[in-house]
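>>> would you be able to build a 3D model of this:
(one chain, ligands or ions: 1)
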Amino acid sequence: MSNTTNRRTFFTWMTSTFAALTAGRAAAAIETPSAMEGPYYPDPSMRFADVDNDLVRIAGQVKDAGGEIITLSGRVLDEAGGPRVGYRVEIWQCDVNGRYMHPRDRNTAPQDMAFQGFGHDITGGGGEYRFRTIKPVSYPGRTPHIHVKIFDAAGQEVLTTQFYLSGHPENQRDRLFRAMSEAEAHAVSMRFEGDQTVLDVIV
Ligand SMILES: [Fe+2]
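A predicted model of the protein is given here:
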């Protein structure tokens, strides 16, 4: 390889690395995009009495929910990176069989009665939140996702969105996922290390 080719290869590498780094930074800094609530938000009357941040274990039951158990955590931040303290983070999702805890879900799969389906956490002093739940699965018409709703400390709803599995093959066939820009998709995509995923929300 000539020196010129070497230089050119190095330059190409530098350019693409820089582009990747700036893309990462841009993605991290953008406000978390909102998404439709969908038809299956469980109203209080539809929920289990247990609405804590462990969706895999319902208080008083001995059985864990079916599915791949994961920990989803992160921080709720303002645009300057400061913590949003005392914010309420709600999540809801279908069970391992693709069934929502909602009477309008026409899916005939049996409901996993050990899956809480809905839970919440309140952000701490650093804006942190944490859930134990299952890795979302697909159901007809949708790529796997977790619904997320955020309320400020005064109880005002500030964001409704959906979290996705980074790199899931069905994402590219999902209408809502495809409607997002690359940076928006990055901001709501869960990347895993083992059974742990960390995703900050900027509101
Ligand atoms: Fe959904």
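
>>> report the distance from stretch 54-73 to the chain centre.
The offset between the C-alpha centroid of stretch 54-73 and the centroid of the whole chain comes to 17 Å, using CA atoms, centre = their mean, to the nearest Å.

>>> in that stretch, what's buried?
With burial defined by 16 or more other CB atoms under 10 Å, the residues of stretch 54-73 counted as buried are 54-58, 65, 67, 69-73. To be clear about C-beta, it is placed using only N, CA and C from the backbone, and glycine gets the same treatment.

>>> what would these look like in a markdown table with secondary structure?
Listed next are the buried residues of stretch 54-73 as a markdown table, based on DSSP: H, G, I helix; E, B strand; the rest coil:
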| residue | secondary structure |
| --- | --- |
| Asp54 | strand |
| Leu55 | coil |
| Val56 | coil |
| Arg57 | strand |
| Ile58 | coil |
| Ala65 | coil |
| Gly67 | coil |
| Ile69 | strand |
| Ile70 | strand |
| Thr71 | strand |
| Leu72 | strand |
| Ser73 | strand |
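
>>> from memory Arg191 sits against His168, does it?
No: applying CB atoms under 8 Å as the test, Arg191 and His168 come out as separate, 11.2 Å apart.

>>> more neighbours, the two?
His168 (17 against 12; other CB atoms under 10 Å).

>>> report pLDDT for the more buried one.
In this prediction, His168 carries a pLDDT score of 98.

>>> roughly how far does it sit from Ala185?
11 Å (CB to CB, to the nearest Å).

>>> swap in Phe192?
Computed with CB to CB, the distance linking Phe192 and Ala185 is 16 Å.

>>> can you tell me the closest non-neighbouring residue to the spatially most central residue of the chain?
For the chain, the residue lying nearest the average C-alpha position, counting by CA atoms, centre = their mean, turns out to be Phe163 (2.6 Å). Computed as CB to CB, 6 or more residues apart in numbering, the closest residue to Phe163 that is not its neighbour in sequence is Ile146, at 4.5 Å.

>>> secondary structure element for the one you found, which one?
Assigned by DSSP states H and E, Ile146 falls within strand 145-151.

>>> what's that strand packed up against?
Judged by 3 or more CB pairs under 8 Å, 6 or more residues apart in numbering; DSSP states H and E, strand 145-151 is in contact with strand 88-92, strand 157-165.

>>> so for whatever helix or strand comes next after the shortest one, mean pLDDT?
So the one you mean is strand 88-92. Of the helices and strands lying after strand 88-92 in sequence (DSSP H and E), the nearest is strand 118-122. Taken as a whole, strand 118-122 has an average pLDDT of 98.

>>> chain center to whichever helix or strand comes after strand 118-122: distance?
Remark: after strand 118-122, the chain's next helix or strand is strand 128-134, criterion DSSP H and E. How far strand 128-134 lies from its chain's middle: 10 Å, per CA atoms, centre = their mean.

>>> quick one, strand 128-134 and strand 88-92 angle?
10 degrees (axes from the mean of the first three to the mean of the last three CA atoms, to 10 degrees).

>>> now strand 128-134 against strand 118-122, angle please.
Relative orientation of strand 128-134 with respect to strand 118-122: 160 degrees, computed using the same axes, to 10 degrees.

>>> okay, Val158: pLDDT?
In the prediction, the pLDDT value recorded for Val158 is 98.
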